[in-house]
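Novice: sequence and predicted structure are below.
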Protein chains: 2
Amino acid sequence: MGMENIRIVLVGPLYGGNVGSTCRAMANMGISDLALVAPRNLNMDEARMMACHATCILEERSEFDSLSEAVADCGAVMGTTARGGLYRQHARPPREWADKVLEVAQTGKVALVFGREDNGLDNDELAVCTHIIQIPTTIEYSSLNLAQAVLICCYEVFVASETYEPPEEKSPEAPSLLRERMFALWREALLDVGFMEPDKADHMMLGLRRILARGKLTEDDVQILMGMARQSSWAAKQSN
Amino acid sequence: MGMENIRIVLVGPLYGGNVGSTCRAMANMGISDLALVAPRNLNMDEARMMACHATCILEERSEFDSLSEAVADCGAVMGTTARGGLYRQHARPPREWADKVLEVAQTGKVALVFGREDNGLDNDELAVCTHIIQIPTTIEYSSLNLAQAVLICCYEVFVASETYEPPEEKSPEAPSLLRERMFALWREALLDVGFMEPDKADHMMLGLRRILARGKLTEDDVQILMGMARQSSWAAKQSN
């Protein structure tokens, strides 16, 4: 899949907590190569605490003195920038670059680069980037927390990789024959409990049909509804 | 837009830092209604620090004793669950529910509900939810940090709302006539600097054309390339 070819590069990170949260976000999204460029006195206890079950990513990080060294072996170098930066005009949202990341990662390394908490990436660092990423945010508050920015980029790549399989409804949609048997039982039950008179039954049943047609009904759902109807009829007959 | 109708509900949050990070993530994505259900001794200093410029969301939060009360006025109640939970079968990823959130929020309140850091949502709480959200993650590490989970859900709704306008390249793509003038200048410059012999020029220029055809070239780009060629010719002639 190439996820092992994707490197997260944090330039000049200041807070250990952010580095730890970055590790956890990476692990959630199947990315494990972390590089730090000139970290600034990180609180490693905080880093380990926030990394949670992803401390191995923290332990196995690499460290470099400059961005150029950290990305020297990378075919694509994608830098993140907030609104209004120098390269803003050329930036694209991460969803648009996600396929490009995966394509390059098939055969070589890709770096996703994130700037300092306080100052972002400087112009020399942006110049090293082959692509610029801008994460969609409101205009009013465009500055994401560092680990949150990493998460969004990793998430978009992970979703694009299509390794995630959404849960499947195991019960198939109920066929008409089964649905009609269920409505027949409810018609009987609603007459038995005295909810409607026989001459109003067709009309009342249209209301129930409308409610139950609004969403999908699985075979499991119909079995539950049939059980409820049968039991109601039985109870009504007991009390007579 | 309806973003003001979207409520983020945190059930039994334990860490102030997570609540603060949640506020910042909400502000980044244009959502401001925060409700806490039975918070557990939150460290409010940490909350304020992580909320950064979104402390107003923290200050204006509402608090409730139970989830039912927190979502009493909500038309749709979407609960988040990690892999393997009771309702897993019916869960959908947030990208699939995003349009539904916006549709309901046009006319009424919608709650996005997040469980405890340590224990998620219990079965009674999941029962109150009309929809279940599962955030795509690896199977190996499916547990997202609380604020990270909030961010992904808010981000998907924000992107679906199409309020974000990606940056636009201001310079139009260069038309063929301009590109051909640029290649003519480079042909001249490469002959002037002695990079190629006249009889090899056509072949060499094909290589340069191939390189410059690989991506889009704007009018601004072509102006830069023409300036480089003109200056190279000029410099070569000076030194002769």
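Specialist: On my side now, so go ahead. Keep in mind it's a predicted model, so treat the numbers as computed, not measured.

Novice: and the residue nearest to the spatial centre of chain A, how close does it get to B:R95?
Specialist: Closest to where the C-alpha atoms of chain A average out (CA atoms, centre = their mean) is A:Y155, at 5.9 Å. The gap separating A:Y155 from B:R95 is 10 Å, by CB to CB, to the nearest Å. All C-beta atoms are positioned from the backbone trio N, CA, C, and that covers glycine.

Novice: before we move on, what about A:L144?
Specialist: From A:L144 to B:R95 the distance is 19 Å (CB to CB).

Novice: neighbour-wise, which of those two wins?
Specialist: A:L144 (24 against 20; other CB atoms under 10 Å in any protein chain shown).

Novice: average pLDDT for the helix or strand containing A:E156?
Specialist: Assessed by DSSP states H and E, A:E156 sits inside helix A:146-160. Per-residue pLDDT over helix A:146-160 has a mean of 98.

Novice: tell me the angle of that helix relative to helix B:146-160?
Specialist: Orientation check (axes from the mean of the first three to the mean of the last three CA atoms, to 10 degrees): helix A:146-160 against helix B:146-160 gives 60 degrees.

Novice: any part of helix A:146-160 near chain B?
Specialist: Yes: contact of helix A:146-160 with chain B (CB under 8 Å from any CB of the partner chain) involves A:A147, A:Q148, A:L151, A:I152, A:Y155, A:F158, A:V159.

Novice: of those residues, which is the most crowded?
Specialist: Going by other CB under 10 Å, A:L151 tops the residues of helix A:146-160 next to chain B with 30 neighbours.

Novice: mind listing what's buried in stretch A:43-53?
Specialist: A:E46, A:A47, A:R48, A:M50, A:A51, A:C52 (16 or more other CB atoms under 10 Å in any protein chain shown).

Novice: could you pick out which of those residues are located in helices?
Specialist: A:E46, A:A47, A:R48, A:M50, A:A51 (DSSP state H).

Novice: of these, closest to chain B?
Specialist: Nearest to chain B out of those is A:M50 (CB to the nearest CB; 7.6 Å).

Novice: dump the buried residues of stretch A:43-53 into a markdown table; add distance to A:S232 and pLDDT as well.
Specialist: Listed next are those as a markdown table, based on distance: CB to CB, whole Å; pLDDT from 0 to 100:
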| residue | distance to A:S232 | pLDDT |
| --- | --- | --- |
| A:E46 | 59 | 96 |
| A:A47 | 60 | 97 |
| A:R48 | 58 | 97 |
| A:M50 | 54 | 96 |
| A:A51 | 55 | 97 |
| A:C52 | 50 | 95 |
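
Novice: export those to JSON lines and append columns for distance to A:G108.
Specialist: What follows is the buried residues of stretch A:43-53, written out as JSON lines (distance: CB to CB, whole Å):
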{"residue": "A:E46", "distance to A:G108": "34"}
{"residue": "A:A47", "distance to A:G108": "29"}
{"residue": "A:R48", "distance to A:G108": "31"}
{"residue": "A:M50", "distance to A:G108": "31"}
{"residue": "A:A51", "distance to A:G108": "27"}
{"residue": "A:C52", "distance to A:G108": "31"}
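
Novice: report the two of those separated the most.
Specialist: A:E46 and A:C52 (12.0 Å; CB to CB).

Novice: so how far is B:S142 from A:H53?
Specialist: Relative to B:S142, and taking CB to CB, A:H53 is found at 10 Å.

Novice: before we move on, the earlier item: just the ones in helices among the buried residues of stretch A:43-53 that are near chain B?
Specialist: Of the residues in those, proximity to chain B by CB under 8 Å from any CB holds for A:M50.

Novice: so where's chain A shaky on pLDDT?
Specialist: By pLDDT under 70, the low-scoring segments of chain A are A:83-88, A:240.

Novice: can we see that at 90?
Specialist: Residues of chain A meeting the criterion pLDDT under 90: A:1-2, A:81-91, A:123, A:127, A:165-171, A:214-216, A:238-240.

Novice: which parts of it are strands?
Specialist: With DSSP state E as the criterion, chain A has strands at A:6-11, A:33-37, A:62-64, A:74-80, A:109-114, A:131-133.

Novice: what separates the longest one from the chain centre, distance-wise?
Specialist: Its chain's C-alpha centre lies 22 Å from the corresponding centre of strand A:74-80 when counted by CA atoms, centre = their mean, to the nearest Å.

Novice: quick check, that strand touching chain B?
Specialist: No: Strand A:74-80 is not in contact with chain B by CB under 8 Å from any CB; minimum separation 12.7 Å.

Novice: tell me the buried residues in that strand?
Specialist: Quick answer for strand A:74-80 (16+ other CB under 10 Å): A:C74, A:A76, A:V77, A:M78, A:G79, A:T80.

Novice: can I get those residues in TSV with distance to B:A184?
Specialist: Below are those laid out as TSV (distance: CB to CB, whole Å):
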residue	distance to B:A184
A:C74	35
A:A76	32
A:V77	33
A:M78	35
A:G79	35
A:T80	39
